[in-house]
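[1] give me coordinates for this.
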Amino acid sequence: MFTVNVNNKVKLKLLDLDDRDALFRLVDNNRNYLKKWLPWVDSVQTKTVYDGIIRSWAKEYIEKESLNLGILYNEKIVGMISLHEIDFDNRKTSIGYWIEEQSQGKGIVTNCLKFLIDYAFNKLKLNRIEIRCNPENTKSIQIPIALGFEKEGVLRNSEYLNGNSQDLVVFSIIKTT
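    Numbering: from 1, shown residues only. Reported below is the predicted structural model:
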């Protein structure tokens with residue numbers, strides 16, 4: 001389906017059912033870290049949950065609604081990055097990402113984002129990309145800032161996480177012609 005080499009160590013891949021166990025192990029091994037930032041982590045308690053999720057990602061890719069990709073570093077799944085809710089009518093999308101704690105600080109997500117920004121602007125012909133981050137996730141916030149995204153504001157109480165309403169900082173980048 002969709003596989004691309006970002007560089008000699010990093011690959012993006014539309015995951016299939018053969019990747020299910022590795023993806024589940026990744027989430028399960030990083031559960032305590034990931035649940036600080038992501039509201040869905042506790043809903044993934046067995047590997048079979050990914051059967052339906054992976055099928056849904058494939059369907060959404062075929063229907064050009066979203067693009068959910070595994071991030072592979074040295075051929076091992078270390079995270080995910082996605083174009084969410086691709087809106088061709090309004091020429092916009094949003095990007096979400098996560099990566100295991102031990103793979104952070106290597107430029108992996110930054111390089112994947114550079115690829116997806118180029119893909120969204122030049123292949124999909126979109127004009128606007130958003131990224132939303134928890135204001136306390138300073139590592140995540142540094143990435144869109146480094147890539148030239150502008151902070152647009154804060155969505156107050158926008159996400160329910162670990163029993164509390166959380167704010168989200170909104171960043172955007174517009175294609176320059």
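
[2] CA atoms for contacts and neighbours, from now on please.
    Will do.

[3] hmm, who's touching the top helix by length along the chain?
    In the chain, with assignment by DSSP state H, the single longest helix is helix 49-62. For helix 49-62, contacts defined as CA atoms under 8 Å, 6 or more residues apart in numbering pick out 14-17, 20, 24, 44, 66-68.

[4] neighbour-wise, which of those residues leads?
    The most neighbours of any of the contacts of helix 49-62, using other CA atoms under 10 Å, belong to N68, which has 25 neighbours.

[5] so that one sits in a helix?
    No - with DSSP: H, G, I helix; E, B strand; the rest coil as the criterion, N68 is assigned strand and is not in a helix.

[6] low-confidence ranges in the chain?
    1, 177 (pLDDT under 70).

[7] where along it do the helices fall?
    Counting by DSSP H, the helices of the chain are 20-29, 31-34, 49-62, 108-118, 138-146.

[8] any chance of CSV for these, columns distance to N7?
    Formatted as CSV, the helices of the chain follow (distance: least, CA to CA, whole Å):
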stretch, distance to N7
helix 20-29, 21
helix 31-34, 25
helix 49-62, 23
helix 108-118, 8
helix 138-146, 18
